[in-house]
Structures are given as C-alpha cells and as structure tokens.
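Participant: Quick check, what structure comes out for this input:
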Amino acid sequence: MPSWLEVFLSKFNGRRSSESLIVGRNARLKHDDLRDTIVKKNYKKILIFRTGQLGDTLVSVPAFRSVREHFPDAHLTLLCDGQTNKKYVRASDVLEGAGLIDDVLSYPVDASRAGRALRSVLMLALLVRLRSRQFDTLVYLLQSRRVPEMISRDIRFFRWAGIRQFIGTEGFYPLPEKETGKPLPSVPHETDLILARLAKSGIPVPLPGEASFDLNIGSREKVAVEQWLKILPSDGGRQWIVVGPGSKMPVKRWPAERYTEVVQRLIEEFNIWPVIFGGPEDATVAESLVTQWGCGYVAAGKLGIREGIAAMERCVMYLGNDSGVMHMAVAAGLKCVAIFSARDYPGNWEPYGIGHVIFRKTVACAGCMLQVCTEKDMECIRSISEEDVFHACQRLFGRQ
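Facilitator: Have a look, this model is predicted:
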C-alpha cells in the first residue's frame, strides 16, 4: 500500500512523479546540500517526524533524548500519524510528561474509502499548518528501512513546508539479502540504527547497546497505580512478573494455553504473582488466564502506558510475545524472556540491551513479514516449547 506522502505527492507531481523517483535515486537525495546542516545548537523550532505506535515510539525514546539534550533551549514538536477507527496507542500517550517534546501535531491515517478520497486534502491542510508554524529544522526519525524514494519525497514535502535544515536523513540501513537455505542474518537494533543517523548529522549519541529509555515516570503515574490497586485483592506480598500474551499481529502470538502452563509452574515453584499487560483487546484472554491460575492482576486495558510502566517497575521480569508491552518492560528496566516469530530479521526489534532470553526458531519461510500465517499455521512460533520457556524463566527469575 502506498504511503500517504506517495499518494499526496503523486497527485501534485502528476506524470513527473516517476521522473522524480529516478532523479531522487541517482542524485542520492541531493544530500550534498544537506551536509551543511551539521547540527548547530541555535536551531529554535524543531519538528521531529516519527510515525508508528507503541513499540515504534518506545524504541525511538533514546533518539528523542539525544535531540533534547543537544537542543535544550529549542521548542520540539513531534509530528506523528493518528490512526482512525483503530485502537492504537498514540505517541503522545508515551511521551507526555517525559520532558522530551513540547507539543504534538498529528495527521489522520484512514484506510477507508472515504479516508483515501480525502487524503490529499488532509495532507494539503497539514502542509499549511506546518508552514504557519515556521519550523527551521526537521529531525527525521522514521524507521531505518525506509527506501530512498520515500525519503526523497518526504524531504520535498517538508521543503514545501518551509523547512530548510534536515537531521537524520542520511545513513539508512539497507537490509541484507535473504539467501536460500541460510538463516536470516542478524541486523542492528532499530534504536541504535536511528541513533547512528543522528550521529551522522553531528548529534552526540550513546554507544550501541548503552542507550537510555528513561521516560521520567514519576509520582503522578505511581499514584495512579496505587489507586488502581485499592480495588484489587492483596497480592500477599508476592513478587510480580509481567506477562504479555498479546500482540496486534496474530502471527506473533504464542498460544495462550502455553502461557497457562508456564506461568502455573512458576507460581508453584516461586510463588510469583502474574500481572498481565496489554490493550483493551487483550482483556478477555487476560481474565481467562488469571481465572485459571487462581491469582494475578489484569492490567490490560486498565492502565495507561505510563502508568503501566510504573506498575512494571514493581516486577522482576517479563515473559511474553514480541509486542509493545515487551518494549514497555525494557523501559521499566526489566529483563525479558521474549517469544518471537520468524517473520522478521533477528536483532532489529528484540528487547534492547543484554541479559534477555530470546526464543526464535529458524524455518525455511523466515522473513515472510506476514501478519497472519495460515499456510504454515505459525510453524515458527508454535515450535517453541513450554518446557524451554519455563526453564528460561526459571533461570532468569533465579538471577533476579
């Protein structure tokens, strides 16, 4: 599906759009005139462009922190997408109160027929809004897999909005080719790839693997957790673990009945108290699991993102799928036992840092990028056994 900028720019460029792609590719985005934007600290009105939802926002937190530290006196505005008719987490739900941005602008993303018909009009309205704000600089934090044609179009759009200084538009990481009969190669973490682009523009960043995900979780969030706990039964003083059995992509969901068995064994051996996190769509499964275990809390759909991270700070580890909840656990400082499908390249979206346990099986169809797998019945994630996951949790819990 074409991006909103592809649709918008093609309507304005008409037949010249294909020619523009060739020029953009051959000229490598004309980055010669961008190199003189090596970062000055006197930029005052900075627009940070980052799209995506919960996990996408959380892995970019260190980049926001680096920008804030380099421009302590600038006004930082986040530009992000706003999904309509979908229960996605907004970037503002994550960053509000963290001290990393000053305000948020969003544009609607509506895949319906009416939304597609109005897209060009809405993008023109966004262009007018951006011009009126008179931003002097764009910090480009989009995913590192973005192709040169899209980057070129984005830059043209923001130039039309009156922006002349660009940060983070160079140094995108090309994915290695998948070779028949060989496992997918590991790639750097998305957090470090984004930071490397900032470094290429002259912004000091932490070393790979050493980034901070501190979101300035404070008393407001902790008080909200205390209020939530007042209506719940006592945990009896037991240690909490985070359980994250959900994901918006069905292909990433390890079967719920396997969580039933693994967590039940952890309860019997360590007397732990499971707390299930996720969105409102995960609440039904969560309630069923807690009922089967006979103990635990359902935080899914009950706590906001920042309050959820505050609650996770009470826990000793994370057990769950590859999801935004996993990245929340990393932000809370937890070590993870994370269960991955083989749909994507290893390394790129794993829990950041050292000490985590990653379960991922090598299969012939690895790298499929499917969201729903029917042909192979999710062979990759289903081949991860309860026994292996339990022993990993056993070892990690013992270390904690």
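Participant: give me phi/psi at the closest residue in space to residue 118 that isn't next to it in sequence?
Facilitator: The shortest distance from residue 118 to any non-neighbouring residue, by C-beta to C-beta, 6 or more residues apart in numbering, is to residue 110 (7.6 Å). Where C-beta positions appear, they are placed from N, C-alpha and C, glycine not excepted. Phi and psi for residue 110, reported as degrees, to the nearest 10, are phi -130, psi 110.
Participant: From the structure, what's the count of residues near residue 110?
Facilitator: 18 (other C-beta atoms under 10 Å).
Participant: In this structure it contacts residue 117, no?
Facilitator: No. If you go by C-beta atoms under 8 Å, residue 110 and residue 117 don't touch, sitting 9.6 Å apart.
Participant: So residue 138, which state does it fall into?
Facilitator: Of the three states, residue 138 takes strand under DSSP: H, G, I helix; E, B strand; the rest coil.
Participant: wait, what's in contact with residue 342?
Facilitator: 184, 360-363, 365-368, 380-381 (C-beta atoms under 8 Å, 6 or more residues apart in numbering).
Participant: can you pick the most crowded of those?
Facilitator: Of the contacts of residue 342, with other C-beta under 10 Å as the count, residue 381 tops at 25 neighbours.
Participant: Quick one: low-confidence residue ranges for this structure.
Facilitator: 1-41, 83-87, 115, 400 (pLDDT under 70).
Participant: domain ranges for it?
Facilitator: For the chain, automatic domain parsing gives the domain ranges 4-200, 224-399.
Participant: end-to-end on the shortest one?
Facilitator: Same thing as domain 224-399. By C-alpha to C-alpha, to the nearest Å, the extent of domain 224-399 from end to end equals 30 Å.
Participant: Counting neighbours, what do you get for the residue nearest to residue 331 when sequence neighbours are not counted?
Facilitator: Leaving aside its chain neighbours, residue 331 sits nearest to residue 213 (4.3 Å; criterion: C-beta to C-beta, 6+ apart). Residue 213: 20 surrounding residues under other C-beta under 10 Å.
Participant: What strand or helix carries residue 213?
Facilitator: Here residue 213 sits in a region with no helix or strand, counting by DSSP states H and E.
Participant: Ok, residue 317 next?
Facilitator: strand 315-321.
Participant: Give the other helices and strands that that strand contacts.
Facilitator: The helices and strands touching strand 315-321, judged by 3 or more C-beta pairs under 8 Å, 6 or more residues apart in numbering; DSSP states H and E, are strand 240-244, helix 256-270, helix 324-331, strand 336-339, helix 386-399.
Participant: residue ranges for the strands of the stretch 1-150 of the chain, please.
Facilitator: In the stretch 1-150 of the chain, the strands defined using DSSP state E, counting those that start in this stretch lie at 45-49, 75-83, 103-109, 137-140.
Participant: Please identify which of those is closest to residue 242.
Facilitator: strand 75-83 (25.2 Å; C-beta to C-beta).
Participant: and for the closest one, what are the contacting residues?
Facilitator: Contacts of strand 75-83 (C-beta under 8 Å, 6+ apart): 4, 44-53, 57, 64, 67-68, 90-92, 95, 100-109, 130, 133, 135.
Participant: rerun that using 6 Å as the cut-off
Facilitator: 45-51, 91, 101-106, 108-109 (C-beta atoms under 6 Å, 6 or more residues apart in numbering).
Participant: now swap in stretch 320-331 and tell me
Facilitator: Counting by C-beta under 6 Å, 6+ apart, 54-55, 58, 213, 215, 242-244, 247, 252-254, 277-278, 308-309, 312, 318, 336, 338-340, 351-352 sit against stretch 320-331.
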